[in-house]
Structure formats: C-alpha cells, structure tokens
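Engineer: Whatever this is, show me its structure:
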Amino acid sequence: MAVANSVTTARARAGAGMILGTINGIGERTGNANHCSIVPTLALHVNSTLQCRDNFKEITSLSRFVDETLNRAPNGAAPFVGKSAFAHKGGLHVAAMERSPLSYQHVDPLDVGNEKRILISKLSGRQNIMDKIREVGVSMGEGIASERATAILNRVKKLESVGYTFEGAEASVQRRRGS
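Structural biologist: Numbering: from 1, shown residues only. Modelled structure (predicted):
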C-alpha cells in the first residue's frame, strides 16, 4: 500500500482532481491508496484543497469504526490513525518533545483525531514519569514530583530487568486509589 500512497501523492501534486482509495486498505487489490494515510498526507503536507477538511479530525474514529464493524484488530502502527502513531518512550526523545512537539511529531495528533501517548519502559527517562504524573492529575510540588519520578523510574527499570513489561500496560503506571 505504501506504493499506492506514494503514487497517489504524486498524482495529486500533478493536479489529479479525484483520488480513489479504501479505508484501512480493506479490499485493496488494484493499487488504491488507504484514505486514512493519504488524506492526512495531502491535507497536511501537500496543501491540497480537500473537500473533506470539515471532517478531517474524524479520520481516526472512522478507521477504528471500520475495523470494529469488521471485527478486525486495528493496526496500531498505521500512520496517523494507529494507536502507536504518536507514541513516545525514549527518555531524551520525550524530554525534547515536551519542549518542541513538532520536532518529533510531523503533525499534531489532534489534527487527525488521535492522541499523543507517552510509554513507560526501561528506555524511559524521568520526563516520561513526570508526564504520567501530570496526565493522571496528581498535584505536588515540582521537587517532590521529580524525586518520586526518579524513584518510580528506578523501580520500573529494576522490574523490567527481571522480565516485567510496562510499555503495553498503561494501567500499571496509573495512580492507585487509596495509595
């Protein structure tokens, strides 16, 4: 499908007025582009005048609706609409992205109805934990948050060194009630 998306982008740049495609590549047999990839590409990188701009932020929910309707597992790695399309886990990466999001994301995830995800793993840095602390709404002084983030990060790294995995288990790093 990547070739179909590239050819479609080239055709749009050359002036094609209509593109044919599929949603999530379903039924793709003749080189049709995946609208969930090509529409954001044309709108955000080629500056096409698309008639669907008013509904553009619904593309992620459309992709997930089609997969759910067909009882298919969504492709988490799909460009723009996948759960991991805007996921970040490397410590320096996350710290830099906090300062300049577009340095590590080519578009704002909200532009396509998706969301940024910060993952926790042995590759994480203190900033990953700090982001999770803010995300779950725990309020504490910056010094205390930093100290606790360092302790949590050390615990995550120790547990992952003996076989635990936190990257795909976001609830494991959520705030426990009563603790």
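Engineer: Point out where the chain drops to low pLDDT.
Structural biologist: 1, 28-30, 168-179 (pLDDT under 70).
Engineer: residue closest to the middle of it?
Structural biologist: F86 (2.2 Å; Cα atoms, centre = their mean).
Engineer: helices and strands around the strand or helix carrying M130, which ones?
Structural biologist: Using DSSP states H and E, M130 sits within helix 126-135. Judged by 3 or more Cβ pairs under 8 Å, 6 or more residues apart in numbering; DSSP states H and E, the packing partners of helix 126-135 are helix 91-99, strand 117-118, helix 142-161. C-betas here are computed from N, CA, C, even on glycine.
Engineer: Just the CA trace of it, in PDB.
Structural biologist: Taking C-alpha atoms only, helix 126-135 is exported to PDB below (Å, rounded to 0.1, in the frame of the first residue of the first chain):
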ATOM      1  CA  ARG A 126      12.300  11.000  34.300                       C
ATOM      2  CA  GLN A 127      10.300  13.100  31.900                       C
ATOM      3  CA  ASN A 128       8.200  10.100  30.900                       C
ATOM      4  CA  ILE A 129       7.200   9.600  34.500                       C
ATOM      5  CA  MET A 130       6.700  13.300  35.100                       C
ATOM      6  CA  ASP A 131       4.300  13.400  32.100                       C
ATOM      7  CA  LYS A 132       2.300  10.400  33.500                       C
ATOM      8  CA  ILE A 133       2.100  12.200  36.900                       C
ATOM      9  CA  ARG A 134       0.600  15.300  35.200                       C
ATOM     10  CA  GLU A 135      -1.600  13.100  33.000                       C
END
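Engineer: Quick one: work out the angle between it and helix 142-161.
Structural biologist: 110 degrees (axes from the mean of the first three to the mean of the last three Cα atoms, to 10 degrees).
Engineer: For helix 126-135, give me every contacting residue.
Structural biologist: Outside helix 126-135, the residues that touch it by Cβ atoms under 8 Å, 6 or more residues apart in numbering are 89, 91, 94-95, 98, 118-120, 140, 145-146, 148-150, 152-153, 156, 173-174.
Engineer: go on, stretch 26-42?
Structural biologist: Counting by Cβ under 8 Å, 6+ apart, 1, 3-5, 7-9, 12, 19-25, 48, 50, 52, 56, 59-60, 62-63, 66, 70, 78-81, 107, 111-112 sit against stretch 26-42.
Engineer: So for that stretch, what gets flagged as buried?
Structural biologist: Of the residues in stretch 26-42, N32, A33, N34, H35, C36, S37, I38, V39, P40, T41, L42 count as buried by neighbour count, 16 or more other Cβ atoms under 10 Å.
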